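In: This is the structure alone, sequence omitted:
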């Protein structure tokens, strides 16, 4: 079973897109470039990153292994993207191959997906198909499971654990986090010049949106609840409505963008010019 089986529709409807500040940061990487400007989005999901960035690029390649996600991305992206060539690849990031000889990406984006990849294998592959001045952008933010800062998110996390267990399920298996940050992994790759950017956000949710968001995730996908789904949904709705009595559900989030590029080589000093004798007027 796919890690994200049953999540695609909820992902498209309830997953927050990438913030405007992140869009500006990534657009700035290619504004000075003449065409072609190529975007490669790995783990595209339902295509949120290409949807936000397509106007800055002349070619877009989006990679996603889940068939339902690809179908959602295909529908959403082709409604808004007419001019830039758009290619959807149903495959793992590790298996991506350039669409034609000489193709090189100017920007590679990996949003909320790096943790699911064979990171070293992906970065090794990117070392062969990213332009010499290209940038790899790894983006992530919190969720009620990993970053439960508000009271309602902490209570909801406990409820999910009551139904599904303490370790988050992923496609019938449990998922173990990587023990190194994205920045640490990148510094040990061909893209070792790393800068980190944190964008503070405040999101406003309704109970329906929060539950829809949960169903978009691997750790609380709707099929995982089995016959208990109606019981869970009723308890989750009741719990969240208790916290909306004083206003909407607020979530403070840090959206992180890690930019990595090849370390520029120090310029070699110009060879010394051979000395030439300069003869002035003779003195006899």
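Out: Happy to help now that I have it. Everything numeric here is computed off the predicted structure, so don't read it as measured data.

In: which residues does the closest residue to residue 86 other than its chain neighbours contact?
Out: In space, and not counting its chain neighbours, residue 86 is closest to residue 60: 4.9 Å by CB to CB, 6 or more residues apart in numbering. C-beta here means a position set from N, CA and C on the backbone, and glycine is covered the same way. By CB atoms under 8 Å, 6 or more residues apart in numbering, the contact list for residue 60 reads 38, 39, 41, 50, 54, 81, 84, 85, 86, 87.

In: Isn't residue 219 up against residue 157?
Out: No - counting by CB atoms under 8 Å, residue 219 does not reach residue 157; the two are 9.7 Å apart.

In: rewinding a little: quick one: which of the contacts of residue 60 is most hemmed in?
Out: Among the contacts of residue 60, the one with the most neighbours (other CB atoms under 10 Å) is residue 41, at 29 neighbours.

In: So it: helix, strand or coil?
Out: strand (DSSP: H, G, I helix; E, B strand; the rest coil).

In: so residue 263 sits right up against residue 187, yeah?
Out: No - with contact defined as CB under 8 Å, residue 263 does not count as touching residue 187 (9.6 Å).

In: quick one on the thing from earlier: remind me which helix or strand the residue nearest to residue 86 belongs to.
Out: strand 59-63 (DSSP states H and E).

In: so where's the chain uncertain?
Out: 1-5, 143-148, 167-178, 265-284 (pLDDT under 70).

In: How about the residue most central in space within it: what's its closest non-neighbour residue?
Out: Centroid-nearest residue in the chain: residue 111, 0.5 Å away (criterion: CA atoms, centre = their mean). Excluding the flanking residues, the one nearest residue 111 by CB to CB, 6+ apart is residue 139, at 4.3 Å.

In: Please identify the helix or strand for the one you found.
Out: Applying DSSP H and E, one finds residue 139 within strand 130-140.

In: list the helices and strands that strand packs on?
Out: Applying 3 or more CB pairs under 8 Å, 6 or more residues apart in numbering; DSSP states H and E, one finds that strand 130-140 contacts strand 105-111, helix 182-187, strand 249-261.

In: Tell me which of the ones you listed sits most buried.
Out: Per residue and on average, the most neighbours among those fall to strand 105-111, with a mean of 25 (mean count of other CB atoms under 10 Å).

In: gap between it and the chain center?
Out: Mean C-alpha position of strand 105-111 versus that of the full chain (CA atoms, centre = their mean, to the nearest Å) differs by 9 Å.

In: Paired strands for that strand, with orientation please.
Out: strand 38-42 (parallel), strand 130-140 (parallel) (DSSP bridges).

In: Surely residue 214 and residue 160 touch.
Out: Yes - the criterion here is CB under 8 Å, and residue 214 meets it with residue 160 at 7.1 Å.

In: more neighbours, the two?
Out: residue 214 (26 against 21).

In: Buried residues in stretch 217-230, which are they?
Out: 217, 218, 219, 220, 221, 222, 224, 225 (16 or more other CB atoms under 10 Å).

In: if we can go back for a sec, check the gap between the residue nearest to the centre of the chain and residue 241 for me.
Out: Using CB to CB, to the nearest Å, residue 111 is found at 31 Å from residue 241.

In: do residue 256 as well
Out: If you go by CB to CB, the gap between residue 256 and residue 241 works out to 31 Å.

In: And the helices in this structure?
Out: 8-14, 20-27, 48-53, 67-80, 119-129, 151-164, 182-187, 207-215, 229-243 (DSSP state H).

In: what residues are shared contacts of residue 214 and residue 160?
Out: Overlap of the contact sets of residue 214 and residue 160 (by CB under 8 Å, 6+ apart) consists of residue 220.

In: isn't residue 122 right up against residue 108?
Out: No - taking contacts as CB under 8 Å, residue 122 lies outside contact range of residue 108: 9.3 Å.

In: now the contacts of residue 60 as JSON lines including distance to residue 181?
Out: Output for these, formatted as JSON lines (distance: CB to CB, whole Å):
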{"residue": "38", "distance to residue 181": "27"}
{"residue": "39", "distance to residue 181": "24"}
{"residue": "41", "distance to residue 181": "21"}
{"residue": "50", "distance to residue 181": "26"}
{"residue": "54", "distance to residue 181": "29"}
{"residue": "81", "distance to residue 181": "33"}
{"residue": "84", "distance to residue 181": "32"}
{"residue": "85", "distance to residue 181": "34"}
{"residue": "86", "distance to residue 181": "32"}
{"residue": "87", "distance to residue 181": "31"}
